[in-house]
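S.K.: Let me see the structure of the following:
(one chain, ligands or ions: 2)
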Amino acid sequence: MRTALTIAGSDSCGGAGIQADIKTMTANGVYAMSAITALTAQNTTGVTGIMEVTPEFLKEQLEDVITDIRPDAIKIGMVSSGKLISVIAETITRFELVNIVVDPVMIATSGARLISKEAIEVLKEQLLPKANIITPNIPEAEVLAGFPINSGEDMEKAAELIYQNFHCNVLLKGGHQLNDANDLLFTGEGKQWFKGKRIHNPNTHGTGCTLSSAIASNLAKGYTMTEAVEYAKNYISGALAAMLDLGKGSGPMNHAFAISGEYKEIK
Ligand SMILES: Nc1ncnc2c1ncn2[C@@H]1O[C@H](COP(=O)(O)OP(=O)(O)OP(=O)(O)O)[C@@H](O)[C@H]1O
Ligand SMILES: Cc1ncc(COP(=O)(O)O)c(N)n1
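M.R.: Numbering: from 1, shown residues only. Ligands and ions are numbered 1, 2, ... in the order given. Below is the predicted model:
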């Protein structure tokens, strides 16, 4: 079985972060492992608290996992401080890790800031250049490109600039902000649009975490970057279309939409 590791924050309501990543990797047929960067106290209406782990403890988790079960792909999500980002960048280099997917999580859908300002600079300098692909949404791409994005053309300019500046493939997500769920992939081979059908579901908590984990799972299974993105879009569309409706705010998706959950007949 192929393996994937998520390095991210815990979401106590289970829709985003580590919990979304493990559900997604499991549903996509890879063995999921985790190294937790922070505990968050949150639900579908907002984040009330964040407790970061120490850099030493993150390093210990990473070393224990990687020296025992080597990950075929890694997804990196919420990492709120520069020191934690440095630990991850150094670990990637030391263990020559491959198939690195970085979701540069900055602000939660509910509005909470999940990364410090100084950490954004460390992210740009130390982590993005080590990624095979990064998956910013529009506000995150605006921070990385340094200009506002108001159209598909702006998305193309921003993705190319981010690709050139940070030397990594870029999937710029149109998502709920700009268009009909059309995302733009920019690689060394140029640009490619992935057209998504907009699903009228207000429950989008954890969409970014889920998409990046599905891409990492597909890379772990040996798919090309284009295939990994295409199949991940199919997975997230299925999870959104299942129309789960939980919680008082923007709720989570059904990550297990293709799994029956019934084992009465199996002996
Ligand atoms: N209503 C929708 N219908 C179909 N696809 C969607 C919808 N909303 C988001 N997506 C898709 O979900 C993926 C995640 O994109 P999005 O822009 O929502 O990321 P994000 O803002 O990082 O997510 P998050 O809510 O976790 O912060 C993208 O592939 C996007 O196109
Ligand atoms: C631990 C953690 N990681 C990431 C997100 C972003 O997801 P969203 O923007 O959907 O709230 C989150 N809310 N919590």
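
S.K.: Within range of ligand 1, give me the residues from the stretch 51-200 of the chain.
M.R.: 109, 137, 173-176, 181, 183, 196, 198-199 (Cβ under 6 Å from any ligand atom). No exception for glycine: its C-beta is placed from N, CA and C like everyone else's.

S.K.: Any chance of CSV for these, columns pLDDT, distance to ligand 2 and secondary structure?
M.R.: Listed next are those as CSV, based on pLDDT from 0 to 100; distance: Cβ to the nearest ligand atom, whole Å; DSSP: H, G, I helix; E, B strand; the rest coil:
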residue, pLDDT, distance to ligand 2, secondary structure
109, 75, 4, coil
137, 94, 8, strand
173, 94, 11, strand
174, 87, 15, coil
175, 67, 10, coil
176, 60, 10, coil
181, 87, 15, coil
183, 95, 16, strand
196, 84, 17, coil
198, 88, 17, coil
199, 92, 15, coil
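
S.K.: Type out the PyMOL command that picks the buried ones from those.
M.R.: Filtering these down to the buried ones (16 or more other Cβ atoms under 10 Å) takes a single PyMOL command:
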select buried, resi 109+137+173+174+175+176+181+183+196+199
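
S.K.: Model confidence score at the residue lying closest to residue 206 once chain neighbours are set aside, please.
M.R.: Nearest non-adjacent residue to residue 206, counting by Cβ to Cβ, 6 or more residues apart in numbering: residue 16, 3.5 Å away. For residue 16, the model assigns a pLDDT of 97.

S.K.: which residues does residue 16 contact?
M.R.: By Cβ atoms under 8 Å, 6 or more residues apart in numbering, the residues touching residue 16 are 108, 205-206, 208-209, 252.

S.K.: Counting neighbours, which of those comes out on top?
M.R.: Among the contacts of residue 16, residue 206 has the most neighbours (other Cβ atoms under 10 Å), with 31 neighbours.

S.K.: Quick check: phi and psi on that one?
M.R.: phi 90, psi 10 (degrees, to the nearest 10).

S.K.: Who are the contact partners of it?
M.R.: 11, 15-17, 20, 252-253.

S.K.: What residue in the stretch 1-150 of the chain comes nearest to ligand 1?
M.R.: residue 137 (3.4 Å; Cβ to the nearest ligand atom).

S.K.: Skipping adjacent residues, who's closest to that residue in space?
M.R.: residue 173 (4.8 Å).

S.K.: Give the bridge partners for that neighbour, please.
M.R.: Here residue 173 sits in beta bridges with residue 137, residue 183, going by DSSP bridges.

S.K.: my guess is it contacts residue 193, does it?
M.R.: No: contact criterion Cβ atoms under 8 Å: residue 173 and residue 193 do not qualify, at 11.8 Å.

S.K.: Now do the shared contacts for those two.
M.R.: In contact with both residue 173 and residue 193: residue 183, using Cβ under 8 Å, 6+ apart.

S.K.: would you list the contacts of residue 206 in TSV and tack on secondary structure?
M.R.: As requested, the contacts of residue 206 are exported to TSV (DSSP: H, G, I helix; E, B strand; the rest coil):
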residue	secondary structure
11	strand
15	coil
16	coil
17	helix
20	helix
252	strand
253	coil
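
S.K.: from those, which are also near ligand 2?
M.R.: 11, 16-17.

S.K.: hang on, residue 235 packs against residue 26?
M.R.: No: taking contacts as Cβ under 8 Å, residue 235 lies outside contact range of residue 26: 11.9 Å.

S.K.: residue ranges of the strands in the stretch 1-150 of the chain, please?
M.R.: For the stretch 1-150 of the chain, strands defined by DSSP state E, counting those that start in this stretch occupy the ranges 3-11, 31-43, 46-52, 73-76, 100-102, 133-134.

S.K.: Could you dump those into a markdown table with distance to residue 150 added?
M.R.: Shown next, in a markdown table, are the strands of the stretch 1-150 of the chain (distance: least, Cβ to Cβ, whole Å):
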| stretch | distance to residue 150 |
| --- | --- |
| strand 3-11 | 30 |
| strand 31-43 | 30 |
| strand 46-52 | 27 |
| strand 73-76 | 28 |
| strand 100-102 | 25 |
| strand 133-134 | 21 |
